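*Asks:* A structural model of the following input is requested.
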Amino acid sequence: MKKCYALIVVLSSLFSGVLAYEYLTVRNVNSWWSNGQGTIESASILVEPKGIFAECTMILEFAADGSVFGNLDSLEVNMNFKLPVGSEIIDLALWINDEPVQGKWYDRWTASLIYESIVQRRIDPAILTKVDANEFNIKIFPLLNYLNRRIKIRYLTPVNNPLAYNPSVSIPLNILKLSSEFPSFFKLACKYGNIYSDAVIREKESIRFVEVEDEDFGICLSSEIPDANASASLNMVFTRTESKDIDLTTFTDSLTGENFYQLSLKQSSLFDSCQNRKALFLVDFIDDNCSAYNKTDILNSLEYSIRNTFGAKDSFNVFFSGMVTTIPEETWVGTDSTSISAFFDALDISVFNSYSNLPTLLIDGIDFVKYYGSRGSLVLVSSSNSNGESSSANSLITDFVNTLEGTEIPIHIIDLDDRYYDYYEQHHIGGQFFKGNEYFYSRLSQMTVGEYYSVRTRSLMSMLEQVSHRMSGYFKSLEVFVQTDGGYAYANYKLNNNGALVYNDEAFCLTGQYLGTAPFVVSLFGQSAEGMIFQTSDTLLQEDIPVGDSLLRSIWASQKIRELMGQEKSNQIVNQIITTSLEEHVLTDYTAILVLEPGFQVPDDEENPDDQIPVSLNDPMTTENFKLSVYPNPVTSESVVSYQVTGTSQIRLILYDATGQVVSTLADETNTTGKYTKSLHAESLDKGVYFCVLFVDGRIVARSKVVVL
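*Replies:* Down below sits the predicted model:
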């Protein structure tokens, strides 16, 4: 098939992700005003950890609300959803006539136009696109009161702490909570090879997985999860049968002969470089400002994080906000199992107060760390929102910096405020809008060389894990070189996204291609934050190297695409992103996965001129009698769209942006033979390229490029 991405590459800056939020809606395609919240009837998720990443398969069944829609309504599912940070989608299937039909890969513009034309013809399609970073959108048509729709999404997701004894995988519970009612059936399953065992759900450790032959996943360990809607998050935790400082896996593609590898290593163990952590957690929690977690969740998450991320030489304490700060222990607490148990067993939710006294809590925390030699970090876990104004925030920041008296005490902040703020409730500071205490927290953490995290983008466990890494110290630089017998590694990509810094206890991960054979020589060079130089190497024999599967190629391709996405979006770069995405089956901002009804034919690009929309028709129609023009063009404020129709037809005139998203519907009516005009108002449109598309009886017959200045 001819590769022509002119429609995608033009003004490629328009493809940058737009701010989005999660939702699940169902609409009647014949009545724009008829819509409602969608329902996920059932859900199943299979997790297969494979080193740095896990391969996950998610099956969702969507249903319509019979109290909102009638039996004759043709409905469309539209869901915006997030996967865990770092996830990549690699496959989509839609059940049609009780059989799963695999999706096909297209550039995003082509897929969007095909989908839109098919929906008008009432033919089964589903389209999956990437919105931004870890956000995605799926549309499915049709959904009926008596016809549920079932999809299967396969995706890669990072394994948390892949070299620890208890690596974990985050379950996207947030997707299920988009449903009008939590799924009546929710199943979790897993498969693992020789290096993993004993899967448990961290938040529900009483759950036991039983080996079954599942109709969707084959032989696996499976369990139905009760009352999952009561949990803020779910994490599947595995036990590694053997802990390694260096873990290398390889894969050879039998079709191309190309070799791929993934490598993860614990530099802190190899160099004995990890700092002793002293963490004082400051809890300032207001129930009304946080819907994701409750007080019990916070205590349990703190205990779990300390047990699983702190070492034997580390220490901690926890203060709670109130009129007078609650201080359970007057000194640092050790991180041995007995000390941790004794500390948290003595606590219950009565230590929480119903109001915030954030200034006093922070001052008490600073004084505590200074009293014990100023060695330690503060970790503020807060949902308060009373210090968002710039005047109040700046005054407090000045007070806290003065209290530090020149000592370096990092203040890391975990913001649990997830309230919805109307436009007028947000704080406009320095040309930006801030919700709640965002401005105060981000400035305070910046001034003290700490980090700021928000529950709006991460789970509590993920934020606690990231803070633990930050407190372990870091390398200013870390380089890994891989050599083989008769060859070397190339096209290497680092998976750590911390810029030049590599944190001590965070596994350093690498993926790439290689020439040659085992043994592999892995050489590691690093410079600590204090300037100390470290160097070591290890030789891995063939028997030390597990053989992986094609997932390694997908991991490598996803990292190649991430690197390309970080570059300036020239036409060549965008073309390379699209080509890699279509060849390697990794979803990007510029591509889409489209499921078509079996037997439905899409014309090859060669059958269409470069400037012609790929039209998907069972009964092809010429465009001779359907004229479309826009004048003036380019447009600054208003243009007239003219079109000509022969015969009585159902007409739809739609304006799309360069990503294939609908901007506005200019006409949706029945026209007889004649010429017609519609106004195109551009005052509210961003500058760039748009496309005006004419549908006649559901068929795309004409298109005109529109440039807005």
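*Asks:* dump the C-alpha coordinates for stretch 246-255 into CSV.
*Replies:* Output in CSV follows, covering the C-alpha atoms of stretch 246-255 (Å, rounded to 0.1, in the frame of the first residue of the first chain):
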residue,chain,number,x,y,z
ILE,A,246,21.4,-7.6,36.4
ASP,A,247,18.6,-9.2,34.4
LEU,A,248,18.9,-9.6,30.6
THR,A,249,16.4,-11.2,28.2
THR,A,250,16.7,-11.6,24.4
PHE,A,251,14.5,-12.3,21.5
THR,A,252,15.2,-13.2,17.8
ASP,A,253,12.5,-12.5,15.3
SER,A,254,12.2,-15.6,13.2
LEU,A,255,10.9,-13.7,10.1
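*Asks:* centre of the chain to it, how far?
*Replies:* Stretch 246-255 sits 26 Å away from the centroid of its parent chain (C-alpha atoms, centre = their mean, to the nearest Å).
*Asks:* and the contacts of it?
*Replies:* 50-51, 162-163, 258-266, 270, 514, 520, 522, 538, 540, 544-553 (C-beta atoms under 8 Å, 6 or more residues apart in numbering). For every residue, glycine as well, the C-beta is placed using N, CA and C.
*Asks:* in strands, which of the residues you listed appear?
*Replies:* Applying DSSP state E to these, the entries found in strands are 50, 259-265, 514, 520, 522, 538, 540.
*Asks:* mind listing the helices for the stretch 351-500 of the chain?
*Replies:* Assigned by DSSP state H, counting those that start in this stretch, the helices in the stretch 351-500 of the chain fall at 358-371, 390-404, 438-447, 460-471.
*Asks:* how about those in TSV, adding mean pLDDT?
*Replies:* What follows is the helices of the stretch 351-500 of the chain, written out as TSV (pLDDT from 0 to 100):
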stretch	mean pLDDT
helix 358-371	95
helix 390-404	90
helix 438-447	94
helix 460-471	89
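*Asks:* how about a markdown table for those helices, with distance to residue 647 added?
*Replies:* A markdown table is the format used below for the helices of the stretch 351-500 of the chain (distance: least, C-beta to C-beta, whole Å):
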| stretch | distance to residue 647 |
| --- | --- |
| helix 358-371 | 70 |
| helix 390-404 | 63 |
| helix 438-447 | 58 |
| helix 460-471 | 59 |
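*Asks:* and of the ones you listed, who's closest to residue 199?
*Replies:* helix 460-471 (16.7 Å; C-beta to C-beta).
*Asks:* run through the neighbouring helices and strands of the closest one.
*Replies:* Judged by 3 or more C-beta pairs under 8 Å, 6 or more residues apart in numbering; DSSP states H and E, the packing partners of helix 460-471 are strand 278-284, helix 295-309, strand 377-382, strand 411-415, strand 452-454.
*Asks:* so which of these gets nearest residue 78?
*Replies:* Using C-beta to C-beta, the helices and strands packed on helix 460-471 put strand 452-454 closest to residue 78, at 25.9 Å.
*Asks:* touching the closest one from outside, list them.
*Replies:* 412-415, 417, 438, 441-442, 445-446, 463, 466-467.
*Asks:* ditto for stretch 478-486
*Replies:* In this structure, residues lying in contact with stretch 478-486 by C-beta under 8 Å, 6+ apart are 261, 263, 265, 267, 488-489, 492, 502, 508, 510, 512, 514-527.
*Asks:* one more time with 6 Å
*Replies:* With contacts defined as C-beta atoms under 6 Å, 6 or more residues apart in numbering, stretch 478-486 is touched by 489, 502, 510, 514, 516-517, 519-526.
*Asks:* beta partners of residue 676?
*Replies:* Here residue 676 sits in beta bridges with residue 643, going by DSSP bridges.
*Asks:* pull the number of nearby residues for residue 313.
*Replies:* Using other C-beta atoms under 10 Å, residue 313 has 12 neighbouring residues.
*Asks:* can you check residue 288 too?
*Replies:* Using other C-beta under 10 Å as the criterion, the residues surrounding residue 288 number 10.
*Asks:* any idea how far residue 394 is from the closest residue to residue 182 other than its chain neighbours?
*Replies:* Leaving aside its chain neighbours, residue 182 sits nearest to residue 229 (3.8 Å; criterion: C-beta to C-beta, 6 or more residues apart in numbering). According to C-beta to C-beta, to the nearest Å, residue 229 stands 41 Å off from residue 394.
*Asks:* cool, residue 99 as well?
*Replies:* For residue 99, the distance to residue 394 - C-beta to C-beta - is 62 Å.
*Asks:* neighbour count: the two, which is higher?
*Replies:* The residue with more neighbours, out of residue 99 and residue 394, is residue 394; 15 against 9, by other C-beta under 10 Å.
*Asks:* if we can go back for a sec, now the residue nearest to residue 182: how far from residue 291?
*Replies:* 12 Å.
*Asks:* ditto for residue 318
*Replies:* Counting by C-beta to C-beta - residue 318 and residue 291 are separated by 23 Å.
*Asks:* which one's more surrounded, these two?
*Replies:* residue 318 (25 against 15).
*Asks:* just to check, that one is in contact with residue 281?
*Replies:* Yes - taking contacts as C-beta atoms under 6 Å, residue 318 lies within contact range of residue 281: 4.5 Å.
*Asks:* low-confidence stretches in this protein?
*Replies:* For the chain, the stretches with pLDDT under 70 are 1-20, 32-33, 66-67, 120-122, 274, 497-500, 601-625, 658-659.
*Asks:* can I see the domain layout of it?
*Replies:* 19-241+584-596, 254-271+474-549, 278-471, 617-708 (automatic domain parsing).
*Asks:* and of those domains, who's closest to residue 568?
*Replies:* Nearest of these (C-beta to C-beta): domain 19-241+584-596, 14.7 Å.
*Asks:* need the domains of the chain in TSV with distance to residue 557, can you?
*Replies:* As requested, the domains of the chain are arranged in TSV below (distance: least, C-beta to C-beta, whole Å):
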stretch	distance to residue 557
domain 19-241+584-596	4
domain 254-271+474-549	9
domain 278-471	25
domain 617-708	22
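*Asks:* of all the ones you listed, which lies closest to residue 572?
*Replies:* domain 19-241+584-596 (13.1 Å).
*Asks:* burial count for residue 668?
*Replies:* That count, for residue 668 with other C-beta under 10 Å as the rule, works out to 13.
*Asks:* can you give me the helices for the stretch 1-150 of the chain?
*Replies:* With DSSP H, counting those that start in this stretch as the criterion, the stretch 1-150 of the chain has helices at 6-9, 108-120.
*Asks:* any idea which of those helices is most buried?
*Replies:* helix 108-120 (a mean of 23; mean count of other C-beta atoms under 10 Å).
*Asks:* mind saving the C-alpha coords of that helix as CSV?
*Replies:* Below are the C-alpha coordinates for helix 108-120, written out as CSV (Å, rounded to 0.1, in the frame of the first residue of the first chain):
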residue,chain,number,x,y,z
ARG,A,108,-5.4,8.7,12.2
TRP,A,109,-6.9,11.0,9.5
THR,A,110,-7.8,8.1,7.2
ALA,A,111,-9.2,6.0,10.1
SER,A,112,-11.3,8.8,11.3
LEU,A,113,-12.9,9.5,7.9
ILE,A,114,-13.6,5.8,7.3
TYR,A,115,-15.2,5.5,10.8
GLU,A,116,-17.4,8.5,10.3
SER,A,117,-18.6,7.3,6.9
ILE,A,118,-19.3,3.8,8.2
VAL,A,119,-21.3,5.1,11.2
GLN,A,120,-23.6,6.9,8.8
